[in-house]
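Give me the fold of what follows.
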Amino acid sequence: MSANVESMMYTGERPWHGLGTPLDHPATAEEAIRAAKLDWGVELVPAYAEGQVIPRTRAVVRDDRREPIAVVGERYELVQNAEAFTFFDEIVGAGKAIYQTAGSLDHGRRIWLLAKVPGDVWVTKDDQVGKHLLLTNSHDGGSPLRVLFTPIRVVCQNTLIAAMEGAGRTGVSIRHVGDVLEKAKEAQKILGISMKFFDDFEGQARAFASRSVTSEALDLYFRSLVPDPKEGAPSRAITTRESLLRLFESGKGNDLPGVRGTLWAAVNAVTEYVDYERPTRRSNGTSQEEKRFESAVFGSGAALKGEAWGRALTLVS
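Residues are numbered from 1 along each chain as shown. Okay, the predicted model is just below:
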């Protein structure tokens with residue numbers, strides 16, 4: 001793998017992005033850390049420039065390589081990989097989560113863990129969506145430790161991003177503290193919010209599946225997501241909308257009874273396009289698959305999927 005997706009593991013079927021080293025059984029948090037090559041820590045040391053200590057800053061150093069990966073402010077507080085991963089056991093209970101993928105991006109500046117938690121959502125009697133929690137943490141001060149609620153459509157492994165209303169409804173940011181009781185309180189909070197999230201998700205997805213869309217409404221929906229540019233030729237936007245229409249009609253799972261021709265099929269067309277087909281810009285030897293994975297889960301692709309969900313809500317409200 002290139003430096004962008006530095007290391008990654010997965011269990012079960014090969015993920016939609018095709019990346020990672022397979023693990024032949026569901027992993028514990030400890031096993032996931034080892035398989036994903038995340039069994040390293042970080043330290044804070046003085047940061048120097050031209051032989052002088054930079055005031056009010058510290059450098060984050062990987063302890064396995066003695067490699068500096070970031071310069072952060074003096075108030076920055078570390079959360080080690082092992083601390084972040086074992087937090088899942090506190091959220092859903094030890095042994096109840098199935099750790100499916102884990103890895104690091106950009107020399108370890110960001111790490112993630114995707115866990116399947118008990119239960120599923122059935123949008124129709126044939127269309128199943130798994131309940132997942134995605135934990136992300138950065139070692140460069142770029143973002144806090146976060147737990148995101150990530151439904152994944154089983155038939156095609158599409159990672160759905162639901163644009164739920166209200167603060168904290170799509171995820172929770174966690175301030176790392178050393179007090180175990182405080183961490184347990186945060187864990188209970190996350191579990192309660194996630195249960196509410198997936199209940200709302202199920203109701204909204206079923207509303208989408210019950211709403212047939214005309215060709216005119218579908219065109220307006222896709223145009224709202226991929227409008228023609230104000231300047232220049234609209235050829236790229238047109239090509240993208242043509243791809244979305246093709247996936248609406250023949251995308252994975254969109255021919256299922258109760259799905260074909262509905263708003264649910266339109267939302268999943270956008271999701272499949274982002275996860276499998278959307279062009280991305282590569283740099284520094286990063287593969288197309290790596291950039292698409294990063295975009296679909298963390299970047300502009302995830303934002304587009306959230307927008308598709310939000311605009312679909314306006315059509316059923």
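
and Gly12, what are its phi and psi?
phi 80, psi -150 (degrees, to the nearest 10).

Surely it touches Leu114?
No: with contact defined as Cβ atoms under 8 Å, Gly12 does not reach Leu114; the gap is 11.2 Å. For every residue, glycine as well, the C-beta is placed using N, CA and C.

what's the overlap in contacts for the two?
Gln100 (Cβ atoms under 8 Å, 6 or more residues apart in numbering).

between these two, which one's more packed in?
Taking neighbours as other Cβ atoms under 10 Å, Gly12 and Leu114 compare with Leu114 leading, 24 against 14.

which residues touch the more buried one?
99-102, 132-135, 150.

burial count for Asn81?
Residues lying near Asn81 (other Cβ under 10 Å) number 23.

Spatially nearest residue to it (excluding sequence neighbours)?
Leu38 (4.7 Å; Cβ to Cβ, 6 or more residues apart in numbering).

tell me the contacts of the nearest residue to Ser210 once chain neighbours are set aside?
Distances taken as Cβ to Cβ, 6+ apart place Thr262 nearest to Ser210, at 7.2 Å, with adjacent residues excluded. Neighbouring residues of Thr262 by Cβ under 8 Å, 6+ apart: 208-213.

any weak-confidence spans in the stretch 151-300 of the chain?
163-170, 175-185, 282-287 (pLDDT under 70).

Can you give the domain ranges for this structure?
5-202, 207-316 (automatic domain parsing).

Same question for the longest strand along the chain: list its buried residues.
When the chain is parsed with DSSP state E, its longest strand is strand 110-122. The neighbour-count check on strand 110-122 (16 or more other Cβ atoms under 10 Å) flags 110-117, 121 as buried.

and what of stretch 131-142?
Within stretch 131-142, the residues that count as buried by 16+ other Cβ under 10 Å are 131-140.

again with stretch 233-244
Within stretch 233-244, the residues that qualify as buried by neighbour count (16+ other Cβ under 10 Å) are 237, 240-241, 243-244.

Serialize the residues you listed to a markdown table and add fields for secondary structure.
Converted to a markdown table, the buried residues of stretch 233-244 look like this (DSSP: H, G, I helix; E, B strand; the rest coil):
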| residue | secondary structure |
| --- | --- |
| Ala237 | helix |
| Thr240 | helix |
| Arg241 | helix |
| Ser243 | helix |
| Leu244 | helix |
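
any idea how far Leu315 is from the residue nearest to Ser210?
11 Å (Cβ to Cβ, to the nearest Å).
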